[in-house]
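Engineer: Predicted model follows, preceded by the sequence.
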Amino acid sequence: MWNQVYNPFNNAVLSTIAAAIPVVTLLVLIASNKVKVHIAAIIALVVANLVAIFFFTMPAGMSIRASLLGVVTGFFPIGWIVLNVIFLYRLTVEKGVFETLQTTIGGVTEDRRLQILLIAFSFGAFFEGASGFGTPVAVTGAILIGLGFSPLAASGLSLIANTAPVAYGALGTPIAGLSSVTGIDPFLLGAMVGRQLPFFSLIVPFWVVWAFAGFKGMKEVWPAILVTGVSFAVPQFLISNYVNPWIVDIGASLISMAALIGFLKIWQPKTIWRNATLGAQDESAATMPPPKINTEKPSRAQVWASLTPWIIVCIVLLIWGTDHFKNVVNSWATWKYAVPDLDKMIMKVAPIVAKPTPEGAVFAFTWLSYTGSGMLIAAIISGFIMGYTPAGLIATYGRTIKLCAYSLITISAMLAIGTLTRLSGIDATLGLAFAATGVLYPFFGTLLGWLGVALTGSDTASNVLFGNLQKITSEQLGLSPILMSAANSSGGVMGKMIDAQSIVVASTATNWYGHEGSILRFVFKHSIALACLVGVLVMLQAYVHPFTEMVIVAPK
């Protein structure tokens with residue numbers, strides 16, 4: 001048995017600097033654009049092992065086993081989702097079905113700013129609510145690149161747009177994870193998050209269009225942006241506070257899409273914005289192939305054929321995301337492997353937990369209930385409907401594996417880093433540094449959630465990692481544990497756009513692999529700014545407005 005060590009140098013500053021070395025190494029290598037991202041991830045993983053072993057006294061055998069567990073976890077479920085999303089996308093492209101979908105969406109509006117609202121924000125929110133874990137960025141990035149957006153615009157804007165819905169992603173999985181480690185009712189946590197994120201559901205649509213078209217370009221379409229934001233934010237608040245936290249994104253996204261499409265039938269901007277790049281700063285524009293111009297309007301049958309694969313995906317993922325389905329199939333379609341000499345051999349200790357708690361290290365191979373498995377089944381069904389033979393499906397899948405190979409290596413290495421830093425206590429050391437900020441804790445505690453997602457790539461993982469720390473620290477400071485636990489999730493959503501896993505998903509979906517540093521540099525400033533705004537809001541909720549103490553009524 002090994003107890004985690006959170007202050008190996010008996011000096012909080014030095015210990016925090018040591019804990020930051022792996023993530024700083026990773027971000028610097030990626031941002032430099034001089035090291036391929038899969039090589040950067042492997043280097044950072046080696047550095048993380050050295051830090052864990054020599055600074056944080058983790059036994060070498062445990063460190064290596066934790067890394068291997070993370071490698072496998074990186075492929076199942078995250079890499080498995082990415083691989084099968086790209087598989088479906090390639091099936092639709094090769095049959096020309098995707099081109100029809102592009103024409104159909106262009107028929108709603110030719111304005112690129114409005115296409116971003118409809119696809120990256122509203123449509124992406126639906127996939128976030130249905131499956132999460134990289135699916136929305138993969139799908140919306142692929143659609144935008146197919147519509148003619150530059151790779152940087154398609155990937156970067158998809159990442160920025162996929163923020164406000166994240167806390168309720170995958171049918172409320174982050175809220176369930178937060179509840180599991182804090183012991184707080186998930187309905188209370190979901191309702192509190194629903195008093196924070198709706199403000200940003202209003203802001204993010206304006207923000208993402210501003211990032212794309214500048215202030216003047218944003219101002220020209222402000223009515224449509226307002227409709228998009230309000231029609232998402234209001235349902236987000238009402239469903240989270242008065243229904244449940246599981247269907248928030250599904251309900252809000254469907255209402256938002258319907259409201260925007262309906263509004264565009266009666267309103268269009270005076271000037272149609274047709275430029276699909278980010279202007280002079282967009283180095284990816286030179287890599288774009290000449291746009292295909294299709295003036296022929298597709299028939300109703302062709303439109304439905306183009307929508308059918310995505311309708312099938314939505315139906316399958318909604319089924320796959322329910323607890324009932326998971327419970328039924330996991331009872332027999334599961335293989336669990338407790339990693340020897342690692343599972344329950346690491347002890348979390350105070351102040352991270354109230355009493356010593358062993359860390360589990362079990363790989364649960366729930367092969368059928370994985371979101372990626374549902375995506376694969378949906379892709380196969382769609383492939384047969386589109387006229388593929390079994391041999392044709394296998395051939396396309398082989399080409400997809402070849403395309404995604406480096407991305408899968410990168411994602412596995414990223415998750416290995418996240419698993420190792422969690423089991424070694426490195427993440428907890430960084431968390432304690434934020435917890436030592438006293439009266440400013442509501443602000444920095446929110447940024448702790450941001451850091452957790454940036455490190456792990458998952459709002460759920462960040463909540464599991466830091467949720468109990470937020471509860472303990474807030475109680476010591478006389479703050480609402482419900483508020484600060486929820487702030488961990490709300491702040492975390494703004495870290496989603498800079499976590500390496502999401503960036504790799506975006507670069508793969510837009511076929512711009514090898515330029516992850518450019519994507520990171522583009523989104524980083526947006527991530528920091530939005531995270532700080534969430535921190536300011538939580539500060540106001542903690543000290544100024546009694547909004548947090550209102551009675552929460554949410555039926556169970």
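Structural biologist: Alright, I've got the coordinates. Numbers count the residues shown, from 1 in each chain.
Engineer: Sort out which residues of the helix ranked longest in the chain are buried, please.
Structural biologist: Secondary structure assigned by DSSP state H gives helix 390-424 as the longest helix of the chain. Residues of helix 390-424 classed as buried by neighbour count (16 or more other CB atoms under 10 Å): 392-393, 396-397, 400, 403-404, 406-424. All C-beta atoms are positioned from the backbone trio N, CA, C, and that covers glycine.
Engineer: tell me what that helix is packed against?
Structural biologist: helix 12-32, helix 37-54, helix 60-73, helix 80-94, helix 371-385, helix 441-456, helix 459-477, helix 500-509 (3 or more CB pairs under 8 Å, 6 or more residues apart in numbering; DSSP states H and E).
Engineer: so how far is the following helix or strand past the shortest one off the chain centroid?
Structural biologist: In this case it means helix 500-509. Downstream of helix 500-509, the first helix or strand assigned by DSSP states H and E is helix 516-543. Helix 516-543 sits 15 Å away from the centroid of its parent chain (CA atoms, centre = their mean, to the nearest Å).
Engineer: same check, this time on stretch 299-306
Structural biologist: 31 Å.
Engineer: same question for that stretch, mean pLDDT?
Structural biologist: The average of the pLDDT scores along stretch 299-306 is 89.
Engineer: Check what contacts that stretch and list those residues.
Structural biologist: Thr92, Val97, Phe98, Thr100, Leu101, Thr104, Pro298, Met386 (CB atoms under 8 Å, 6 or more residues apart in numbering).
Engineer: now the helices for the stretch 201-350 of the chain?
Structural biologist: 222-242, 248-264, 300-320, 323-330 (DSSP state H, counting those that start in this stretch).
Engineer: out of the contacts of stretch 299-306, who's nearest Lys355?
Structural biologist: Thr92 (52.6 Å; CB to CB).
Engineer: Next, work out how far apart that closest one and Ser382 are.
Structural biologist: 8 Å (CB to CB, to the nearest Å).
Engineer: what residues are shared contacts of these two?
Structural biologist: Pro309.
Engineer: neighbour count winner among the two?
Structural biologist: Thr92 (25 against 22; other CB atoms under 10 Å).
Engineer: circling back: same list (the helices of the stretch 201-350 of the chain) but as CSV, adding distance to Phe187 and mean neighbour count.
Structural biologist: As requested, these are exported to CSV (distance: least, CB to CB, whole Å; neighbours: other CB atoms under 10 Å):
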stretch, distance to Phe187, mean neighbour count
helix 222-242, 9, 21
helix 248-264, 12, 21
helix 300-320, 21, 17
helix 323-330, 15, 13
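Engineer: Could you say which one of these comes nearest to Gly457?
Structural biologist: Closest among these, using CB to CB: helix 248-264, at 18.4 Å.
Engineer: Just give the nearest non-adjacent residue to Ser180, would you?
Structural biologist: Val464 (7.2 Å; CB to CB, 6 or more residues apart in numbering).
Engineer: pretty sure the one you found is touching Ala176, no?
Structural biologist: No - the criterion here is CB atoms under 8 Å, and Val464 misses it with Ala176 at 10.0 Å.
Engineer: Quick check: which ranges of the stretch 1-150 of the chain have low pLDDT?
Structural biologist: 106, 131, 133 (pLDDT under 70).
Engineer: Phi first, then psi, for Thr163.
Structural biologist: Backbone torsions for Thr163, taken as degrees, to the nearest 10, come to phi -130, psi -70.
Engineer: now the longest helix of the chain: mean pLDDT?
Structural biologist: Here the average pLDDT along helix 390-424 is 88.
Engineer: any idea how far the residue nearest to Ser180 lies from Ile472?
Structural biologist: 15 Å.
Engineer: so Phe363 is in which element?
Structural biologist: Using DSSP H and E, Phe363 falls in strand 362-365.
Engineer: Give me the distance from that strand to the chain's centre.
Structural biologist: Centre to centre, stretch against its chain (CA atoms, centre = their mean), the figure for strand 362-365 is 22 Å.
Engineer: How about stretch 376-388?
Structural biologist: For stretch 376-388, the distance to the chain centre is 26 Å (CA atoms, centre = their mean).
Engineer: Same question for stretch 366-384.
Structural biologist: 20 Å.
Engineer: outside of it, which residues touch it?
Structural biologist: With CB under 8 Å, 6+ apart, stretch 366-384 has contacts from 76-77, 79-85, 87-88, 91-92, 131-133, 135, 170, 308-309, 312-313, 315-317, 319-321, 325-326, 329-330, 333-335, 392-393, 396.
Engineer: Any buried residues in that stretch, and which?
Structural biologist: 366-383.
Engineer: Go ahead and flag the most central residue of the protein.
Structural biologist: When CA atoms, centre = their mean is applied to the chain, the residue found nearest the centroid is Lys496 (4.8 Å).
Engineer: how much space is there between that residue and Gly431?
Structural biologist: Per CB to CB, Lys496 is found 18 Å from Gly431.
Engineer: Check Gly194 too.
Structural biologist: 25 Å.
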